Each structure stands twice: as structure tokens, then as C-alpha cells.
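Asks: Prediction below, plus the sequence it came from.
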Amino acid sequence: MSAQVDTACFNLDQHPCYSIGGSHQYARIHLPIAPRCNIQCNYCNRKYDCVNESRPGVTSRVLSPVQALAYLEEMMEKIPSIRVVGIAGPGDPFANPYETMETLRLVRNRYPDMMLCLASNGLHIGPHIDELVELQVSHVTITMNAVDPAVGGLVYAWARDEGKILKNADAAATLIERQLDAVKRLAAAGILVKVNSIVVPGVNDRHIPEIAKVVKGLGATVMNCIPLCPVQDTPYENLYEPDGIMMARVRLQCCEHVSQMSHCARCRADAVGLLGEDQSVEFAGTLESFTEMNTPIDKTRPYIAVATQEGMLVNLHLGEANNVIVYSHEPETDEYEIVDVRALPGTGGGDDRWKELANTLRDCRALLVSACGPRPKQIIEGFGLVIVEMEGLVEEGLEALFHDEEIPASLQRRFTSCGNGCSGGGNGCS
């Protein structure tokens, strides 16, 4: 039998989106760690971040995974009734897979009993479903606006898939195929699947009941029909918002196939608090304060990685290091042992190179390098791996960090420019 999510471990009545009663007592928090999206819907514009605007796709700030966990820890103190941690953008979680999966790992490790929730368009969730099950993510929302590519082509302007841009009906065909596969696999794994559908008058309002029929057959638990919210500078900005009669008709037709959610608050990507009493404006300053947080050294990570040419000195810029040596510390003998030599991602790939590097060294608390550009440092430290710039003997760096001490001032360095021969080409590490 394939791995399953054990929903019996959670009190599902405390998820405010799945329980009207629970929505009055228990809070949720969305961690805004996913800025990029892999599709363009004709109703969506993520450029605006007004704190007073409440709709999906907007947030006042974006956090790194480490910042998100620290922010969550503080909000758990302020709002003890938080029962659900969700990731809902402002883009799509799986257009930002490194950030999404690392944030889920950190939250699950810190709060073993917390319900974890995701909202995705489903295009790129497939490769991550096994780990979502492993992390016991109990709720996933897939936003589906069509099961017919001809209808979907009217809703989606484009989708980015494997480096290619697909447009309109071609984008919809690929997206729908992945969405249907995702709903089926998620439900089969015991995850509660909610399908969100945006009701666009004259475009898909007559088609949405067909979505309900199809997704119920694949195992979806509940459906949330959301009225279009016309947004400035989108192709649908001049369409009207569906009235109560249209929404009642759509929901009535859909409930013949699958249960309907009727208390949706169209939450922001940084929503926090009770569903009907959102406190994201109240805590916007708290959220902002964590964007400036420095990453502390995580002593639960057992190793330290070193960029070195010959194993004696810390003498490689990050951008020119193809491999790093990974060391452990034996407290009984106070000696340092080499446990691994790991290949680092090659040049190219932009920011994803550094996210992949951070993932490669997830069990390391620090990385010793002779220099590192500010952008790679910011990205890598956002995943909990502290960059330490120094020059000198490897053992001196290991001794200081494994004993919770500062690197001696005489060994410390600060990045000024790329070094000769750096594979970043002198334009910053890339």
C-alpha cells in the first residue's frame, strides 16, 4: 500500500476553511514565501500589495523559509488559536518549489501537530506529492477553472512548463491534465482535496458544474466556487462580479456532485487570524520586521561545509567552488572528520542555483568560503545555511564555529568583488 496521510492525527473540525463552526474559533496563518507564478490567469494581477486589499495573490511582504518559521513562532505567541499553516502564494507554491518544501519541512519539524495546507494551480505539484504525504500535509486546494481546454483557453493567457511558454488552449490542456492527475493522486494518498473555481460570467459559469462532476469522481472532498473579483489592469477588469443569483445557481448545480464551501473569505497570501476577522493589517508591521532578520546558526544541523582547493585553507569564492568538503565534530575527541565531498550546482540557473545549493547542504549549519556575493548569500541564508566569509586554515574556522565562537577578526573577510577566475564572470555570482 502506498504511503498515506493519517488525517486521524488532526482535528479536522479546527480547519476554518473546512468547518464553518471551526472558522469562528480557530485561526489560520498564510506564510507568504512563494512570489513567482507559472501561469497567468486573465483575472489575476499580483502587482498590487495594498494591506487593505483582501484577495488571493496579494501580500505586503515576502519571506524566506527561515524568516517564515521565525514569523510563525511569534504569531503563535500572539494568536494561540492558530491551527492551520498554509502556503497560498502570492504566486504558486510549486513555481517556488525550494521555498515551499523547505518551509513545510521547517514548520513540520517545529510543530508536529500542526495542520499543513497548500493552495496551488496544480501545474507543477506532481513531483512533490510523495514528500507532501511524508510531511503529512493534510489539505490541498487545487484551483481549476475548466476541464475543457477550449473554456480554459479563455481563462488562461499562458503557462510556463519545462522552459516553454504555452498559450491559451494549449496552456489549458497541459494545466488541466496535470490538475486532474494531482487531484486523483492527492485524494488517493488520503489528503483532503478542495477545488477552487473562479466563476467568470459568460466564460465558465455554465461549465463549472462539469468541473464538480469530474473532480468528485477523482476523489475531491469539497468545492469552493468563488465569484470573479474584477481587478484593474487585467483582461477581465471590465467584467462584472457575479451576483447572488448566479452564484446560487452555480453552487446548486455543483452540489449535486460535490459538497460546497460557502464561507470563503478570499484570503490574502499573508492572511492571519480568524476567517471572518482577518488580522493581516494589524500584524503587517510584524511581518515586515522579519524581512530584515539575520539567519542564526542552526546547531541542530550536524555539519559544516568548506570551500577549499586542497583541504587546508578556506580559499575558494563560492562562485568558483565545484565541490565542498563536509566536516563533522567529534565532541569526545574534539576532532573534525570529513564525512563527505559534495558536488555543487554548476553555473547558470540564476537564483535557483543557490536554492539547489542550500538544499544540497541542508544538514550543514554553515558554509565557509573566502567570498560570496550579496545575492547568493541572501538566498542561501534564507534556507538556514549561514555563509561565513574568511581566509585561513580550515581547522581554525571549524574550531570557532563548532565551539559557538566568532571567527577570529584576523581571518574574517567581507565580499568586495568577484575574484579572478571566478566562474561567475565578474558580474556577481550566478
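Replies: Yes, it's here. Numbering: from 1, shown residues only.

Asks: Going by C-alpha atoms from here, please, whenever you check contacts or count neighbours.
Replies: Will do.

Asks: Where do the helices of the stretch 101-250 of the chain begin and end?
Replies: 129-134, 149-155, 168-188, 208-218, 244-254 (DSSP state H, counting those that start in this stretch).

Asks: So which of those is nearest residue 19?
Replies: helix 244-254 (17.4 Å; CA to CA).

Asks: Please state the mean pLDDT value computed over the closest one.
Replies: For helix 244-254, mean pLDDT rounds to 95.

Asks: So in that sheet, which strands flank the helix or strand that that helix is followed by, and in what orientation?
Replies: Next in sequence after helix 244-254, counting helices and strands by DSSP states H and E, comes strand 259-260. Paired with strand 259-260 in the same sheet, following DSSP bridges, are strand 222-227 (parallel).

Asks: starting at the chain centroid, how far to the strand it pairs with?
Replies: 23 Å (CA atoms, centre = their mean, to the nearest Å).

Asks: Could I have the CA atoms of it written out in PDB?
Replies: The C-alpha coordinates for strand 222-227 follow below in PDB (Å, rounded to 0.1, in the frame of the first residue of the first chain):
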ATOM      1  CA  VAL A 222     -15.300  19.800  -1.300                       C
ATOM      2  CA  MET A 223     -15.600  22.600  -3.900                       C
ATOM      3  CA  ASN A 224     -15.400  26.300  -3.400                       C
ATOM      4  CA  CYS A 225     -17.000  28.400  -6.200                       C
ATOM      5  CA  ILE A 226     -15.600  31.900  -5.900                       C
ATOM      6  CA  PRO A 227     -17.100  34.900  -7.700                       C
END
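
Asks: per-residue confidence averaged over it?
Replies: 94.

Asks: on that earlier part again, can I get the helices of the stretch 101-250 of the chain in TSV including distance to residue 345 and mean neighbour count?
Replies: Formatted as TSV, these follow (distance: least, CA to CA, whole Å; neighbours: other CA atoms under 10 Å):
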stretch	distance to residue 345	mean neighbour count
helix 129-134	22	18
helix 149-155	37	20
helix 168-188	28	21
helix 208-218	38	20
helix 244-254	48	16
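
Asks: Including distance to residue 365, could those helices go into TSV?
Replies: Converted to TSV, the helices of the stretch 101-250 of the chain look like this (distance: least, CA to CA, whole Å):
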stretch	distance to residue 365
helix 129-134	23
helix 149-155	45
helix 168-188	33
helix 208-218	43
helix 244-254	51
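
Asks: out of those helices, which comes closest to residue 91?
Replies: helix 168-188 (15.7 Å).

Asks: Give me the contact list for that closest one.
Replies: Helix 168-188 is contacted by residues 121-126, 129, 140, 142, 144, 146-159, 165, 192-193, 215, 218-220 when judged by CA atoms under 8 Å, 6 or more residues apart in numbering.

Asks: Stretch 313-323 spans what distance, first to last residue?
Replies: By CA to CA, to the nearest Å, the extent of stretch 313-323 from end to end equals 14 Å.

Asks: quick one on the thing from earlier: how about the helices of the stretch 101-250 of the chain, which one is nearest residue 328?
Replies: helix 129-134 (27.2 Å).

Asks: Only alpha carbons, please: show that closest one as CSV.
Replies: Output of helix 129-134 as CSV, limited to C-alpha atoms (Å, rounded to 0.1, in the frame of the first residue of the first chain):
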residue,chain,number,x,y,z
ILE,A,129,3.2,14.8,-3.9
ASP,A,130,5.2,11.9,-2.3
GLU,A,131,7.1,14.4,0.0
LEU,A,132,3.8,16.2,0.8
VAL,A,133,2.5,12.9,2.0
GLU,A,134,5.7,12.2,4.0
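
Asks: who touches that helix?
Replies: By CA under 8 Å, 6+ apart, helix 129-134 touches 3-5, 185-186, 189, 191.

Asks: Please name the nearest non-neighbouring residue to residue 412.
Replies: residue 390 (4.4 Å; CA to CA, 6 or more residues apart in numbering).

Asks: and the gap between the one you found and residue 314?
Replies: Distance of residue 390 to residue 314, given as CA to CA: 7 Å.

Asks: Can you check which residues contact both of the two?
Replies: Going by CA under 8 Å, 6+ apart, residues that sit against residue 390 and also against residue 314 are 368-370.

Asks: residue ranges of the strands in the stretch 51-200 of the chain, please?
Replies: 82-87, 115-120, 139-143, 156-161, 164-167, 192-199 (DSSP state E, counting those that start in this stretch).

Asks: Is it possible to get a markdown table of those that adds distance to residue 176, mean neighbour count and mean pLDDT?
Replies: As requested, the strands of the stretch 51-200 of the chain are arranged in a markdown table below (distance: least, CA to CA, whole Å; neighbours: other CA atoms under 10 Å; pLDDT from 0 to 100):
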| stretch | distance to residue 176 | mean neighbour count | mean pLDDT |
| --- | --- | --- | --- |
| strand 82-87 | 21 | 24 | 93 |
| strand 115-120 | 13 | 24 | 94 |
| strand 139-143 | 10 | 23 | 95 |
| strand 156-161 | 11 | 21 | 95 |
| strand 164-167 | 13 | 14 | 95 |
| strand 192-199 | 13 | 24 | 95 |
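
Asks: Could you work out which of these reaches nearest to residue 283?
Replies: Across the strands of the stretch 51-200 of the chain, closest to residue 283 is strand 82-87 (CA to CA), at 14.3 Å.

Asks: got the CA coordinates for that closest one in CSV?
Replies: C-alpha atoms of strand 82-87 as CSV (Å, rounded to 0.1, in the frame of the first residue of the first chain):
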residue,chain,number,x,y,z
ILE,A,82,-3.8,29.1,15.1
ARG,A,83,-4.4,25.6,14.0
VAL,A,84,-3.5,25.7,10.3
VAL,A,85,-0.4,26.9,8.5
GLY,A,86,-1.0,27.4,4.8
ILE,A,87,1.1,28.5,1.8
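
Asks: strand partners of that strand, parallel vs antiparallel please.
Replies: strand 27-30 (parallel), strand 115-120 (parallel).

Asks: Would you check how far apart the one residue sitting closest to the centre of the chain and residue 128 are?
Replies: For the chain, the residue nearest the mean C-alpha position is residue 100 (2.5 Å; CA atoms, centre = their mean). Distance of residue 100 to residue 128, given as CA to CA: 10 Å.

Asks: again, but for residue 70
Replies: 24 Å.

Asks: likewise residue 118?
Replies: Taken as CA to CA, the span from residue 118 to residue 128 is 12 Å.

Asks: Residue 403 too?
Replies: From residue 403 to residue 128 the distance is 37 Å (CA to CA).

Asks: now swap in residue 39 and tell me
Replies: Taking CA to CA, one finds residue 39 at 18 Å from residue 128.

Asks: which residues of the stretch 301-430 of the chain score low on pLDDT?
Replies: Low-confidence segments of the stretch 301-430 of the chain, defined by pLDDT under 70: 414-430.
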